[in-house]
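Colleague: A structural model of the following input is requested.
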Amino acid sequence: MEAEILVLALAAVLLVAHIQLAIRFKTKQYGLGWNMGARDGEMPPPDPVVGRLERARDNFLETLPIAIIALFGVVLTGKASELTAACAWIWLAGRAIYLPLYWSGVKGWRSLAWAIATVAILVVLAILIFG
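Modeller: Numbering: from 1, shown residues only. The predicted structure follows:
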């Protein structure tokens, strides 16, 4: 299996972690009845941790399609290489590190993890587009 495909499979696991963490903390705040209900009513604002987990999840969901396109793209076009594999792992590591940093409210380092991951996936995208 190409490293880029393995990274995408692990990114799916990371997405599950994002989803589960956000909903578990939100359910802890609003209760099981809210979770099992229609969620139609107005709710008080989320606790800071809930908000951070939801924003981290949303951020991951915004960038995941770019990674899917770039990583599948280089594999499908035969442009996968040691560089694209290394960038894929760097992207995944940056995204995995981003979650606990955002969850705990760490400033600066969270942005650095995001930036490193973003640059890594943009390198793969550039290889896909420009060869």
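Colleague: For the rest of this, base every contact and every neighbour count on C-alpha atoms.
Modeller: Will do.
Colleague: among the helices and strands of the protein, which one scores worst on average pLDDT?
Modeller: helix 32-36 (a mean of 80; mean pLDDT, DSSP states H and E).
Colleague: who's in contact with it?
Modeller: With C-alpha atoms under 8 Å, 6 or more residues apart in numbering as the contact definition, helix 32-36 has outside contacts at Thr27.
Colleague: counting contacts, what elements does the strand or helix carrying Phe25 pack onto?
Modeller: Under the criterion DSSP states H and E, the helix or strand holding Phe25 is helix 3-30. Taking 3 or more C-alpha pairs under 8 Å, 6 or more residues apart in numbering; DSSP states H and E as the contact definition, the neighbouring helices and strands of helix 3-30 are helix 48-76, helix 82-103.
Colleague: hang on, the earlier thing: list the buried residues for the least confident helix or strand of the chain?
Modeller: By neighbour count, and taking 16 or more other C-alpha atoms under 10 Å as the criterion, the buried residues in helix 32-36 are Trp34.
Colleague: Gln29: neighbour count?
Modeller: Counted with other C-alpha atoms under 10 Å, residues neighbouring Gln29 total 14.
Colleague: What's the separation between it and Leu21?
Modeller: Applying C-alpha to C-alpha, to the nearest Å, one obtains 12 Å for the distance of Gln29 from Leu21.
Colleague: what does Arg52 give?
Modeller: Counting by C-alpha to C-alpha, the gap from Arg52 to Leu21 is 11 Å.
Colleague: Now for His18: which residues touch it?
Modeller: The contact partners of His18, taken as C-alpha under 8 Å, 6+ apart, are Leu53, Ala56, Arg57, Leu99.
Colleague: Check what pLDDT the first one gets.
Modeller: Going back to what we said before, that points to Leu53. At Leu53, the model reports a pLDDT of 98.
Colleague: can you check the last one too?
Modeller: What the model reports for Leu99 is a pLDDT of 98.
Colleague: Quick one: distance of the helix holding Phe25 to the chain centre.
Modeller: Once both centres are worked out by C-alpha atoms, centre = their mean, to the nearest Å, helix 3-30 turns out to sit 8 Å from its chain's centre.
Colleague: ok, now stretch 53-71?
Modeller: Between the centre of stretch 53-71 and the centre of its host chain there is 5 Å, according to C-alpha atoms, centre = their mean.
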